[in-house]
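In: return a 3D structure for these sequence lines:
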Amino acid sequence: GTMRKVGLDDVQYFKPIIAGNCSALLTSARLWTDEPLSMPVRAARLPAGKELLMFQNSGGSSTAIDVDPACGDLSVLTIGSSAGKKEQLLTVNWHLEKDCNYKCSFCYAHFNAVQQGLSKQDGLNLLSLIAAGPFYKVNFAGGEPLLNKHLGDYLRAAKEMGLKTSIITNASRLTFGWLQAHGRFIDQIGVSCDSLDDNINKELGRGFGNHVAITKRAFESVRELNESMGLEIKIKLNTVVMRPNYLEDWNDFIQSNGIQRWKIFKILKIKGENDAVYDKLAIGDAEFEEFVARHAKLSAHEVVLAPETNDDMTSSYIMITPDGKFYQNADGKYDYSDSMLQIGVEAALRQVGFDYTKFQKRGGEYKLD
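Out: Purely as a prediction, here's the structure:
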């Protein structure tokens, strides 16, 4: 068959598939790469029905053999270097805390099956695995991450391990004192707010009637911290668009609060998480597109809009439960891996899958400089 070099952008991680009897092609790969190949250590699916076998070579990197179902084409890819890792800019979202002081009815991160989160040492061990993997940034989420007493230690450790860091919070516990203590270890702070009408926020469970003020205070505190400490923490807003809020106009709020990136989610139904309330909150694609179009002019004011449909969100996130397992939304429900601390990053991610192309398409790959 033909040979070609493939880049990291070609790779998509899915559940493993045995590649069939194509052993003759491996000899050609060995000659072409001029490096010894051992037994395969992971497998994944490539676009157009292609299959990927991964081998560990003597240099400590990995050589991938891409074989189509008919064993007609052969491709070789070497990954594992720090350069390759940084080029891919993957984010892993660690939902380190299952508890939350809000009760958002549409929430899809309850983690009811999680008995308890990780100990501090296990959490640090998990971060070590993440830092050694193909990840550029770790995003700390929840639940509410500021309820976790180890968050500050995790932020510092992640930065010292060479990772970019971010948090996504409801900001109710984001005080200026906390920011002063931990801000130098944070590259981006995102706040979740779904309506400019606090009556709607309260009805949805997003706070207790003062969440808009809390959100404004958080952004003001980050800007003040950046100025006083010479930091460059980026500011992000997360908003879930649904029936009660899809007619709102956020243009003035976004500009006046210095928001640099706005993630706009169409409400997503997840079985066992928010399916009891989904029908009364759901909107159609046209209504979601109307909301996004209403704010398109923000792009001219250096605001990055990142709208995500339900399909955009499916299989395009790398997510970790509070007890250290990868999980993925597929077919409207969550699939879970075994513990990363027991089987490692690659094996655990292989169990649930990840679509790198969709991650790119939804704008998940960006630098925090």
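In: please count neighbours and contacts with C-alpha atoms only from this point.
Out: OK.
In: what's the local residue count around residue 114?
Out: Neighbourhood size, residue 114 [other C-alpha atoms under 10 Å]: 12.
In: what does the longest helix along the chain contact?
Out: Counting by DSSP state H, the longest helix found in the chain is helix 211-229. With contact meaning C-alpha atoms under 8 Å, 6 or more residues apart in numbering, helix 211-229 is reached by 170-172, 174-176, 179-180, 183, 191-193, 195-198, 201, 231-233, 235, 257-259.
In: test my guess that residue 173 contacts residue 148.
Out: No: the criterion here is C-alpha atoms under 8 Å, and residue 173 misses it with residue 148 at 11.1 Å.
In: tell me the contacts of residue 359?
Out: Counting by C-alpha under 8 Å, 6+ apart, residue 359 touches 312, 316-317, 365.
In: for it, give its distance to residue 94.
Out: Distance from residue 359 to residue 94, counting by C-alpha to C-alpha, to the nearest Å: 16 Å.
In: repeat that for residue 323.
Out: For residue 323, the distance to residue 94 - C-alpha to C-alpha - is 10 Å.
In: need the overlap of contacts for these two.
Out: With C-alpha under 8 Å, 6+ apart as the test, residue 323 and residue 94 reach no residue in common.
In: can you give me the helices in this protein?
Out: Assigned by DSSP H, the chain shows helices spanning 23-33, 82-88, 120-132, 151-160, 176-182, 198-204, 211-229, 251-256, 275-281, 285-294, 310-313, 340-343, 345-352, 356-361.
In: for residue 327, find the nearest of those helices.
Out: When these are compared by C-alpha to C-alpha, helix 345-352 sits nearest residue 327, at 6.2 Å.
In: what's the average pLDDT for the closest one?
Out: The average pLDDT for helix 345-352 rounds to 95.
In: buried set for stretch 107-123?
Out: For stretch 107-123, the neighbour count (16 or more other C-alpha atoms under 10 Å) marks 107-111, 117-118, 123 as buried.
In: got a list of contacts for stretch 289-300?
Out: Outside of stretch 289-300, the residues within contact range by C-alpha under 8 Å, 6+ apart are 241, 246-251, 255, 264, 304-305, 307.
In: next, the distance between the ends of it.
Out: Span of stretch 289-300 from end to end, C-alpha to C-alpha: 18 Å.
In: what do you get for stretch 294-306?
Out: End-to-end distance for stretch 294-306, by C-alpha to C-alpha: 14 Å.
In: so residue 210 versus residue 120, what's the distance?
Out: To residue 120, residue 210 is 33 Å away according to C-alpha to C-alpha.
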